[in-house]
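structure of the sequence below:
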Amino acid sequence: MSMKFAKHFSRKNIFEELQAVAKDAAIEEIVNGLKREKLIKATSAKDVVTALMKREDIGSTGIGNGVAIPHAKVPRVDDLVLALGRSAAGVDFNSIDGEPVHILFVIVSPEDDSDLHLQALKWVSGLARNKDFCRFCRAAKDPKEILALLKEMDDQSPG
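Alright, predicted model coming up:
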């Protein structure tokens, strides 16, 4: 059974114009946005950034096609939190293909829910490999268009 993940997105966790051009700063910018929107607790924000950066130390989550998927399981996080950040300038993510990243998906999940984490990662990876999705996401005018695109992709996936 595959889950639908578009429902985890709203205007609150789509950051359409990231200012950061470095990996660490981009991750921090998105996590701070999630904290500001109260999608992660202020007390957990630092742990979330640390966990995401630790994962990046293992190997870049810049998977090519202009997409990166920083992800981590974090103690004291109660629910799955997804976010999408977009950068017109591009973020240096040390990606596999050496290209800058324009779409960042952040996945944060509870430490004890590996299944949910893997399902979310699988869903996002599918989007990242879809060249049409990436092109339309980069061209979208606003969060509303990005939300519609995510929902459309969800509706097309078996579930």
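
show me where pLDDT drops low in this structure?
Flagging of the chain using pLDDT under 70 yields the residue ranges 1-2, 157-159.

any idea which residue sits dead centre in it?
Phe105 (1.5 Å; CA atoms, centre = their mean).

packing partners of the strand or helix carrying it?
For Phe105, the host element (DSSP states H and E) is strand 101-110. When contacts are defined as 3 or more CB pairs under 8 Å, 6 or more residues apart in numbering; DSSP states H and E, strand 101-110 packs onto helix 23-36, helix 42-58, strand 67-68, strand 71-74, strand 81-91, helix 114-129, helix 131-139. To be clear about C-beta, it is placed using only N, CA and C from the backbone, and glycine gets the same treatment.

for the fifth one, list every residue counted as buried.
Neighbour counts using 16 or more other CB atoms under 10 Å place Val81, Leu82, Ala83, Leu84, Gly85, Arg86, Ser87, Val91 of strand 81-91 among the buried residues.

closest one of the residues you listed to Ala120?
For the buried residues of strand 81-91, the residue nearest Ala120 by CB to CB is Leu82; the value is 6.5 Å.

closest one of the buried residues of strand 81-91 to Val124?
Nearest member of these to Val124, counting by CB to CB, is Leu82, at 7.6 Å.

contact partners for that closest one?
By CB atoms under 8 Å, 6 or more residues apart in numbering, Leu82 lies in contact with Phe5, His8, Phe9, Asn13, Phe105, Val106, Ile107, Val108, Ala120, Val124.
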